[in-house]
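Student: take this sequence and fold it.
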Amino acid sequence: MDFDLSGLPEELQSFIRTALQGRRKTLLTAETEIKAALQESINRIRERIGKRGVFTGITQELAGHIAEEKVFFASELERITQEGLTRAAYAGLFVGEQTKRYYKEKGLLKFRLIEKDALREAEIIAESTMRKQRIFKHKEFVLSDRIWDVSDNNYDKIQEIISSGINTDCVEVAKALQQYVKEGSKTFAEKYPNMYERMGGRVPKNLNYEALRLIRNELSEVYWQATIEGFKENPAVKAVKWLLSNNRLPGYHDICDTMAYANDHGLGAGIYPVDAAPGKPHICCLCTLAPVIAKDIERGDVANKPPENWEAIKTRLQNTSAFTNLEELTEAQKEKLKEQRHEAYQRRAEEKRYKKVASKIETKTPEEFAEIIKTAKTQVPQMDAWRVDAHTKEEYNNVKLFASKGGSCVAIKPDGDIISVCKNSNDKGTKGSDLIRYAVDNGGVKLDSYAGNHGFYTKNGFEPVAYVTFNEEYAPPDWKKNVTGYKKEDIVFYKYTGNKTTTDWEKLKKKIKHFDDYDDAMKYRDSFLKKQEG
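Tutor: Numbers count the residues shown, from 1 in each chain. Below is the predicted model of the structure:
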């Protein structure tokens with residue numbers, strides 16, 4: 001959806017669109033550069049954490065490196081902000097400057113046009129913004145102070161995340177940090193619940209959020225003020241018109257509606273004298289102001305046209321700062337909103353249920369685990385039980401062994417290979433997917449299984465990368481030859497990606513690399529994991 005430029009002269013509309021494109025590009029560039037700077041810094045910290053052994057805590061040396069990265073990010077954020085402010089100011093000045101030139105060339109302005117260096121003027125506005133004294137919580141500060149605070153907060157949180165990984169494999173701590181920076185707190189909580197819980201849930205939704213919010217607000221504020229300055233320097237512009245942001249949700253209303261449809265100066269809805277041009281009403285507002293010349297005011301068709309239900313909207317806004325009016329939504333939009341709310345509720349309910357299950361899963365000894373899986377396997381239908389790989393207690397030495405109170409179990413080898421997954425049918429509170437998620441949370445990154453389990457594993461975030469054909473010579477002892485229901489199933493090798501899909505193995509296998517030898521297929525799968533770690 002584009003900004004509604006109706007009522008404005010065609011010749012001005014192109015100037016406004018160009019300026020808005022400049023603002024959008026400026027915001028996107030700043031966002032991209034902030035994310036890149038943080039990622040670059042995090043990559044260096046990951047290297048310092050190391051790739052071997054158990055993480056025992058933040059050493060003095062590692063703390064020193066984190067402090068260095070804090071300074072790096074603060075300086076990068078200041079550079080990105082300074083450059084972004086200049087671009088935003090230049091875009092804001094553009095409309096007034098181009099409007100002035102246009103009407104001068106048309107002979108409608110009877111004065112000598114003084115040439116100005118618009119870029120230099122934008123730089124001055126940016127420098128002034130950086131030095132401007134502000135007050136927040138009764139404390140004076142300049143923008144560079146706020147930038148340092150953001151960097152300080154980010155790297156304090158990074159230290160907390162790293163510290164929460166004590167007694168965890170170093171590789172896992174580094175991966176957890178990387179995962180959080182890339183995908184945010186929701187994924188971090190899902191994949192590393194133990195670390196998340198050690199932090200008491202005090203994890204910002206996104207590590208970029210504070211920096212992005214700061215810079216978006218500053219850039220949009222400078223664009224706004226530069227736009228007004230550009231209009232004030234143009235004698236052709238007598239007023240400004242409020243244009244509502246083009247990225248508002250359907251049916252959403254807030255103070256911006258009031259600004260767009262108020263007629264406080266008798267010039268029409270949303271029209272303000274240049275000298276009384278309103279300021280940006282809230283943080284990160286993406287509405288904008290357009291120039292209005294005298295003849296357009298006289299013509300009377302430049303004003304905004306309030307919606308038919310404006311009086312009702314205005315009344316509601318007197319009692320609340322913002323709301324969504326469902327009556328303005330189409331049936332399809334209502335249905336979509338309903339689905340989104342339902343899905344959000346389901347996710348919260350499922351997360352609550354899983355946390356309860358995970359809290360009751362316990363670590364077991366090899367002797368205990370061997371008995372638990374032996375019992376659990378007897379509860380699985382006979383034609384499926386042969387797929388469960390139960391081992392002797394000796395084979396479970398040096399393996400992470402977990403079981404629920406209801407007798408469901410899962411194990412993880414030192415290299416992250418998930419084995420012995422078995423859901424006890426008498427364990428009513430635990431799902432098979434809970435066991436897999438718990439294994440991933442505790443270092444599981446790969447597994448191999450018979451193709452009969454393919455749908456289960458792909459729905460739980462595992463991607464097939466190789467397979468070998470069923471070989472009777474190596475068939476499990478409880479697989480029965482020439483018996484109905486006992487198929488010769490391929491052995492499929494998976495890596496964990498987190499991407500949950502539903503695929504048919506027989507259709508998919510044509511695209512998956514085939515090996516004759518089990519060890520070759522395993523090495524091929526593991527090569528992908530080494531690339532990810534690198």
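Student: just checking, what packs against the helix or strand residue 190 falls within?
Tutor: If you go by DSSP states H and E, residue 190 is part of helix 185-191. Helices and strands touching helix 185-191, by 3 or more C-beta pairs under 8 Å, 6 or more residues apart in numbering; DSSP states H and E, are helix 170-183, helix 193-198, helix 432-441. (C-beta placed from N, C-alpha, C; glycine too.)
Student: mean pLDDT lowest where, among those helices?
Tutor: When the helices and strands packed on helix 185-191 are ranked by mean pLDDT, helix 193-198 comes last with a mean of 75.
Student: how far is the helix or strand just after it from where the chain is centred?
Tutor: Downstream of helix 193-198, the next assigned helix or strand under DSSP H and E is helix 209-232. From the chain centre to the centre of helix 209-232 is a distance of 23 Å (C-alpha atoms, centre = their mean, to the nearest Å).
Student: what is the mean pLDDT for the helix or strand following helix 209-232?
Tutor: Of the helices and strands lying after helix 209-232 in sequence (DSSP H and E), the nearest is strand 237-243. The average pLDDT within strand 237-243 is 94.
Student: the helix or strand following strand 237-243 pairs with which strands?
Tutor: Using DSSP H and E, the helix or strand that follows strand 237-243 in sequence is strand 252-253. Paired neighbours of strand 252-253 in the sheet (DSSP bridges): strand 323-324 (antiparallel).
Student: now what about the partner strand, what contacts it?
Tutor: Residues external to strand 323-324 that are found in contact with it (C-beta atoms under 8 Å, 6 or more residues apart in numbering): 249, 251-253, 316-317.
Student: circling back: if we go by neighbour counts, what in the helix holding residue 190 is buried?
Tutor: 185, 188-191 (16 or more other C-beta atoms under 10 Å).
Student: output stretch 517-533 in PDB, but only the C-alpha positions, please.
Tutor: Once non-C-alpha atoms are left out, stretch 517-533 reads as follows in PDB (Å, rounded to 0.1, in the frame of the first residue of the first chain):
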ATOM      1  CA  ASP A 517      28.100 -48.500   3.200                       C
ATOM      2  CA  TYR A 518      26.700 -47.400   6.500                       C
ATOM      3  CA  ASP A 519      29.900 -45.700   7.600                       C
ATOM      4  CA  ASP A 520      30.200 -43.700   4.400                       C
ATOM      5  CA  ALA A 521      26.700 -42.400   4.700                       C
ATOM      6  CA  MET A 522      27.400 -41.400   8.300                       C
ATOM      7  CA  LYS A 523      30.600 -39.500   7.300                       C
ATOM      8  CA  TYR A 524      28.800 -37.700   4.500                       C
ATOM      9  CA  ARG A 525      26.100 -36.600   7.000                       C
ATOM     10  CA  ASP A 526      28.700 -35.500   9.500                       C
ATOM     11  CA  SER A 527      30.500 -33.400   6.900                       C
ATOM     12  CA  PHE A 528      27.500 -31.100   6.800                       C
ATOM     13  CA  LEU A 529      27.700 -30.600  10.600                       C
ATOM     14  CA  LYS A 530      31.400 -29.700  10.500                       C
ATOM     15  CA  LYS A 531      30.600 -27.000   7.900                       C
ATOM     16  CA  GLN A 532      27.900 -25.600  10.200                       C
ATOM     17  CA  GLU A 533      30.400 -25.500  13.100                       C
END
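Student: for that stretch, what is the distance to the chain centroid?
Tutor: 30 Å.
Student: give the buried residues for that stretch.
Tutor: Result for stretch 517-533 [16+ other C-beta under 10 Å]: buried residues 521-522, 525-526, 529.
Student: the helix holding residue 190: how far from the chain's middle?
Tutor: Its chain's C-alpha centre and that of helix 185-191 lie 11 Å apart, by C-alpha atoms, centre = their mean.
Student: I'd like the mean pLDDT over that helix, please.
Tutor: 76.
Student: again with stretch 120-134
Tutor: The predicted model assigns stretch 120-134 a mean pLDDT of 84.
Student: for it, give me every contacting residue.
Tutor: Contacts to stretch 120-134, defined as C-beta under 8 Å, 6+ apart, come from residues 81-82, 85-87, 89-90, 93, 140-144, 146, 218, 221-222, 225-226, 229.
Student: which residues sit in contact with residue 267?
Tutor: Going by C-beta under 8 Å, 6+ apart, the list of residues near residue 267 reads 239, 273, 297, 303.
Student: 6 Å - rerun?
Tutor: For residue 267, the contacting residues are 239, 297, by C-beta atoms under 6 Å, 6 or more residues apart in numbering.
Student: for it, give its distance to residue 357.
Tutor: 63 Å (C-beta to C-beta, to the nearest Å).
Student: what does residue 23 give?
Tutor: Counting by C-beta to C-beta, the gap from residue 23 to residue 357 is 48 Å.
Student: of the two, give the one with the bigger neighbour count.
Tutor: residue 23 (24 against 20; other C-beta atoms under 10 Å).
Student: the more buried one contacts residue 90, doesn't it?
Tutor: No - the criterion here is C-beta atoms under 6 Å, and residue 23 misses it with residue 90 at 10.0 Å.
Student: hang on, the earlier thing: ok, of the contacts of stretch 120-134, which come out buried?
Tutor: Listed as buried from the contacts of stretch 120-134 are 81-82, 85-87, 89-90, 93, 143, 146, 218, 221-222, 225-226, 229; burial here means 16+ other C-beta under 10 Å.
Student: between those residues, which is closest to residue 454?
Tutor: For the buried ones among the contacts of stretch 120-134, the residue nearest residue 454 by C-beta to C-beta is residue 81; the value is 49.8 Å.
Student: report the contact partners of the closest one.
Tutor: residue 215.
Student: apply 7 Å and report the result again.
Tutor: Residue 81 makes contact with 143, 147, 215, 218, according to C-beta atoms under 7 Å, 6 or more residues apart in numbering.
Student: quick check, it in a helix?
Tutor: Yes - per DSSP: H, G, I helix; E, B strand; the rest coil, residue 81 lies within a helix segment.
Student: right, and the helix or strand after the lowest-mean-pLDDT helix or strand in the chain?
Tutor: Every helix and strand of the chain was ranked by mean pLDDT, DSSP states H and E. The lowest is strand 134-136, at a mean of 68. For strand 134-136, the succeeding helix or strand toward the C-terminus, using DSSP H and E, is strand 139-141.
Student: so what strands line up beside that next one?
Tutor: Paired neighbours of strand 139-141 in the sheet (DSSP bridges): strand 134-136 (antiparallel).
Student: report the secondary structure state of the nearest residue to residue 528 once chain neighbours are set aside.
Tutor: Distances taken as C-beta to C-beta, 6 or more residues apart in numbering put residue 495 closest to residue 528, at 5.4 Å, once the chain neighbours are dropped. Of the three states, residue 495 takes strand under three-state DSSP.
Student: pretty sure residue 219 sits against residue 82.
Tutor: No - using C-beta atoms under 7 Å, residue 219 is not in contact with residue 82, being 10.9 Å away.
Student: look up how far residue 364 lies from the closest residue to residue 472 other than its chain neighbours.
Tutor: Distances taken as C-beta to C-beta, 6+ apart put residue 481 closest to residue 472, at 6.7 Å, once the chain neighbours are dropped. The gap separating residue 481 from residue 364 is 34 Å, by C-beta to C-beta.
Student: okay, these two: which has more neighbours?
Tutor: Neighbour count, other C-beta under 10 Å: between residue 481 and residue 364, residue 364 has more, with 19 against 8.
Student: show me the beta-bridge partners of the closest residue to that one other than its chain neighbours.
Tutor: What sits nearest to residue 364 in space, not counting adjacent residues and going by C-beta to C-beta, 6+ apart, is residue 401, at 4.5 Å. On the basis of DSSP bridges, residue 401 takes part in beta bridges with residue 411.
Student: check contacts around residue 401.
Tutor: Residue 401 sits next to 363-364, 366, 369, 411 when contact means C-beta under 7 Å, 6+ apart.
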